[in-house]
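Peer 1: Dropping a prediction and its sequence here:
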Amino acid sequence: MSTEVVGGAGIGQAATRRQVAAWGLWDWGSAAFNAVVVTFVFSVYLTDAVGDDLPGSISASTWLGWSLGIAGFFIAVLAPVSGQRFDAAGRRKRSLAVLTFFTVAAMAGMFFVVDDYHYLWLGLVLLGVGSVIFELAGVPYNAMMRQVSTPENIGRVSGFGWAMGYFGGIVLLLVCYFGFIAGDGDTRGLLGLSTDGGLNIRLVALLAAVWFLVFAIPVLLAVPEVPRTAADPGAAKAGFVESYRVLWRDLKELWAADRRTVWFLVASALFRDGLAGVFTFGAVLAVNVYGMASDSVLLFGVAANVVAALGAIVAGRFDDRIGPKVVIAGSLIAMLVVGTVLLAVSGTLMFWIFGLLLCLFVGPAQSSSRTFLARITPPGREGQLFGLYATTGRAVSFLAPTLFGFFAWWFGADRAGIVGLLVVLGIGLAALLMVRPPERDPGPRTGPNFTSVQSD
């Protein structure tokens, strides 16, 4: 019989450095899905190779957009009640394990997507389903951050996780590029893999699946399962439909008790969409506006991820000292200034300088956004709130792309699209400034502080 506990249990009170490292390795491994599958390799393979000769008037890129759009809808609908149930049933780690496994299975299935337009639909289904499961897996993973940190070091722990994700993506992309992709002709990479039927790219998908699986195992072994909690009455026994009634009840209670959490979810959704837009349109701007050679974009992407990771690590210490709101606001202000400069300069060198400077502040804003929510979430409700975090992010994910396109169209120049990104970041900053920062918690805690930790 499971033990009911009050919400405070399970908040990093005996976490070790080994557990923090194990938790961060999941971020390192998950880059296989974000960087390789969604951003740089498999999605490009679907549109440029598999669906290149797709008959009909609808392009493969359009089908890809619709596929990911449908996935985003399911994420928005399922994330908050999923996190709510994970916490209430005391199955946070078990849920992370199951969702990670099915994400890996979807990635491995991409090996069977041959370079033939008849296989485009298989690829789109696997990518869409994988995206839903992967985002749902991020809910218990983010909620687990409180189990491996304390109020005194949560900023550093979050920054460490973000940095691990960035660096993991860099390492795997370099392995894939030099080992499987680089070169011309019928064989590619240092491994001399055949391009027949897209074999080299299909093997990249298989490698990414194995990569994610291997680096996801440590957190499942090192971090204990969260105990059941009575923090959300009725959630554990609620059916699917009833879960939404529990969610609505909780939101009304949250609004009455502390509207800050609701306002932060809205504000963070806005500025996180702007942050995503920086990476989404960075390559387009680099080539079309600043004259960067296409083969240099991957190098810039690697450098951008390194800079963002270092920014997240350094900012984590400031987060713990002065609070996440100051870190986020400072990062957004800096990005607005640098983005304005980018509007005025030209040339590849200027983009390298100010583009990387822009990326320097992306990591801190992302990492401290996660710690802000963790600091103000009622104990035992982490899964539910991080589920809402995912949902609100999806709800406005159209904003940055739409405004980028609008300003580029209005002024007849891709450079003007930067204005759209700055507008989203500015609105997010304005909304954040109206949110009260988390209170400092002076209570004694134990746990990994990266200077003095318990031994394993």
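Peer 2: Perfect, thanks for sending it. Numbers count the residues shown, from 1 in each chain.
Peer 1: Tell me where the model's unsure across the stretch 201-350 of the chain.
Peer 2: For the stretch 201-350 of the chain, the stretches flagged by pLDDT under 70 are 227-241, 294-295.
Peer 1: Mind doing that once more with 80?
Peer 2: Confidence mapping of the stretch 201-350 of the chain against pLDDT under 80 gives the ranges 225-251, 253-254, 256-258, 279-284, 287-288, 293-298, 301.
Peer 1: quick one: the helices in it?
Peer 2: For the stretch 201-350 of the chain, applying DSSP state H, counting those that start in this stretch gives helices covering 240-257, 259-288, 297-322, 324-344, 348-360.
Peer 1: could you check the distance from residue 438 over to residue 323?
Peer 2: When Cβ to Cβ, to the nearest Å is the yardstick, residue 438 and residue 323 sit 6 Å from each other. The C-beta positions use only the backbone N, C-alpha and C, and glycine is treated the same way.
Peer 1: Likewise for residue 312?
Peer 2: When distance is defined by Cβ to Cβ, residue 312 is 16 Å away from residue 323.
Peer 1: More neighbours: which of the two?
Peer 2: residue 312 (30 against 20; other Cβ atoms under 10 Å).
Peer 1: Spit out the contact partners of that one.
Peer 2: Contacts here follow Cβ atoms under 8 Å, 6 or more residues apart in numbering; on that basis residue 312 touches 158, 159, 162, 163, 166, 363, 364, 366, 367.
Peer 1: Next: residue 82.
Peer 2: By Cβ under 8 Å, 6+ apart, the neighbours of residue 82 are 95, 136, 139, 383, 387.
Peer 1: Looking at those, spot the one nearest residue 150.
Peer 2: Top of the list for closeness to residue 150, among those and by Cβ to Cβ, is residue 383 at 19.1 Å.
Peer 1: For the closest residue to the closest one other than its chain neighbours, pull up the helix or strand it's in.
Peer 2: For residue 383, ignoring the flanking residues on the chain, the nearest one in space by Cβ to Cβ, 6 or more residues apart in numbering is residue 83 at 3.2 Å. Using DSSP states H and E, residue 83 sits within helix 60-88.
Peer 1: can you map out the strands along the stretch 51-200 of the chain?
Peer 2: With DSSP state E, counting those that start in this stretch applied, the stretch 51-200 of the chain shows strands at 187-188, 193-194, listed in chain order.
Peer 1: what does the first one contact?
Peer 2: Counting by Cβ under 8 Å, 6+ apart, strand 187-188 makes contact with 180, 181, 182, 193, 194, 195, 200, all of which sit outside it.
Peer 1: Go ahead and build a PyMOL selection from the buried members of the residues you listed.
Peer 2: The PyMOL selection below is limited to those of the contacts of strand 187-188 classed as buried (16 or more other Cβ atoms under 10 Å):
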select buried, resi 180+181+193+195+200
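Peer 1: one step back: possible to save the strands of the stretch 51-200 of the chain as a markdown table with distance to residue 289 and mean pLDDT?
Peer 2: Shown next, in a markdown table, are those (distance: least, Cβ to Cβ, whole Å; pLDDT from 0 to 100):
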| stretch | distance to residue 289 | mean pLDDT |
| --- | --- | --- |
| strand 187-188 | 30 | 92 |
| strand 193-194 | 34 | 95 |
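Peer 1: would you turn those strands into CSV with distance to residue 147?
Peer 2: Putting the strands of the stretch 51-200 of the chain into CSV (distance: least, Cβ to Cβ, whole Å) gives the following:
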stretch, distance to residue 147
strand 187-188, 43
strand 193-194, 41
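Peer 1: closest one to residue 110 among those?
Peer 2: strand 193-194 (15.7 Å).
Peer 1: Each with direction, which strands does that closest one pair with?
Peer 2: Partners of strand 193-194 in the sheet, by DSSP bridges, are strand 187-188 (antiparallel).
Peer 1: for the partner strand, the distance to its chain's centre please.
Peer 2: Mean-position distance between strand 187-188 and its chain equals 32 Å (Cα atoms, centre = their mean, to the nearest Å).
Peer 1: Same question for stretch 188-196.
Peer 2: Averaging C-alpha positions (Cα atoms, centre = their mean) puts stretch 188-196 31 Å from its chain's average.
Peer 1: Same check on stretch 365-381?
Peer 2: How far stretch 365-381 lies from its chain's middle: 15 Å, per Cα atoms, centre = their mean.
Peer 1: Convert the C-alpha atoms of that stretch to PDB, please.
Peer 2: Output in PDB follows, covering the C-alpha atoms of stretch 365-381 (Å, rounded to 0.1, in the frame of the first residue of the first chain):
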ATOM      1  CA  ALA A 365      16.500  32.900 -19.900                       C
ATOM      2  CA  GLN A 366      15.500  29.300 -20.600                       C
ATOM      3  CA  SER A 367      17.100  27.800 -17.500                       C
ATOM      4  CA  SER A 368      15.900  30.500 -15.100                       C
ATOM      5  CA  SER A 369      12.400  30.200 -16.500                       C
ATOM      6  CA  ARG A 370      12.300  26.600 -15.400                       C
ATOM      7  CA  THR A 371      13.600  27.500 -11.900                       C
ATOM      8  CA  PHE A 372      11.200  30.400 -11.500                       C
ATOM      9  CA  LEU A 373       8.300  28.000 -11.900                       C
ATOM     10  CA  ALA A 374       9.900  25.300  -9.700                       C
ATOM     11  CA  ARG A 375      10.400  27.800  -6.900                       C
ATOM     12  CA  ILE A 376       6.700  29.000  -6.800                       C
ATOM     13  CA  THR A 377       5.100  25.600  -7.400                       C
ATOM     14  CA  PRO A 378       3.200  24.100  -4.400                       C
ATOM     15  CA  PRO A 379       5.100  20.900  -3.300                       C
ATOM     16  CA  GLY A 380       3.600  17.800  -4.800                       C
ATOM     17  CA  ARG A 381       2.100  19.700  -7.800                       C
END
